[in-house]
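Visitor: here are the coordinates; sequence isn't available:
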């Protein structure tokens, strides 16, 4: 396993076909490995059901769009049942993932990367990123605005929404000067999901 990965986090780099009219970019197919059910062999020790798949489901359940202004910070969010697939259509965000699963071989590993338009920032990745259960995720908007589109494997369930404060010492990530940040009240609280962690890595 690469030292620059978190178990269960996957990236799909996207190809852009541009011409004088604009561009075409395919985002995701149900057949993509980043979007498929994992086999029992891939699940590394977690009990499969009698059909050879792990005891969880993946795939499309809801598609959402979040418009965010510059210096907005959304963190830390996590789920015990739901998987997220993020795609940043416009703008650039600093994306931070933190493995908070004690059972994971990459426990406490943090990934920091820019997601979005390489035309605005050459360091930005034009990718879809899969965020499994138990992985804390957060972002900060670096451009004037950013449009995040994300698919989830479950319909929104507030009982599965976990949160840690954006400045939690568990992650200890430097977002910048607090007086310059826009942070919602619900990103300053701690809340655990009601359900046990259902692994998909």
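Guide: Yep, that arrived. This is a predicted model, so every value here is computed, not measured.

Visitor: any idea how far the spatially most central residue of the chain is from residue 183?
Guide: Residue closest to the mean C-alpha point of the chain, counted by CA atoms, centre = their mean, is residue 131 at 3.9 Å. Per CB to CB, to the nearest Å, residue 131 is found 20 Å from residue 183. In this view, the C-beta of every residue, glycine as well, is placed from N, C-alpha and C.

Visitor: residues touching residue 173, list them.
Guide: 75, 96, 98, 110, 112, 138 (CB atoms under 8 Å, 6 or more residues apart in numbering).

Visitor: Over to it. Which of the three states is it?
Guide: At residue 173 the chain is in coil, as set by DSSP: H, G, I helix; E, B strand; the rest coil.

Visitor: Contacts only, for residue 93.
Guide: Contacts of residue 93 (CB under 8 Å, 6+ apart): 68, 114-116, 139-143, 146, 148.

Visitor: what do you get if the cut-off is 10 Å, keeping everything else the same?
Guide: Listed by CB atoms under 10 Å, 6 or more residues apart in numbering, the contact set of residue 93 reads 68, 72-74, 86, 113-116, 121, 124, 138-143, 146-148.

Visitor: just the strands in this structure please.
Guide: Ranges of strands in the chain, per DSSP state E, are 10-13, 16-19, 22-25, 62-69, 73-79, 84-90, 92-99, 110-116, 127-131, 135-141, 145-152, 161-163.

Visitor: on that earlier part again, how much space between the nearest residue to the residue nearest to the centre of the chain once chain neighbours are set aside and residue 121?
Guide: Spatial nearest neighbour of residue 131, chain neighbours left out: residue 84 (4.3 Å); criterion: CB to CB, 6 or more residues apart in numbering. Per CB to CB, residue 84 is found 22 Å from residue 121.

Visitor: Between the two, point out the one with more neighbours.
Guide: Taking other CB atoms under 10 Å, residue 84 and residue 121 do not tie; residue 84 has more neighbours (20 against 17).

Visitor: Just to check, the more buried one is in contact with residue 137?
Guide: Yes - here residue 84 lies in contact with residue 137, judged by CB atoms under 10 Å, at a distance of 6.9 Å.

Visitor: residues shared between the contacts of those two?
Guide: Common neighbours of residue 84 and residue 137 (CB under 10 Å, 6+ apart) are 77-78, 129, 131, 150.

Visitor: and which of those is nearest residue 7?
Guide: For the shared contacts of residue 84 and residue 137, the residue nearest residue 7 by CB to CB is residue 131; the value is 11.9 Å.
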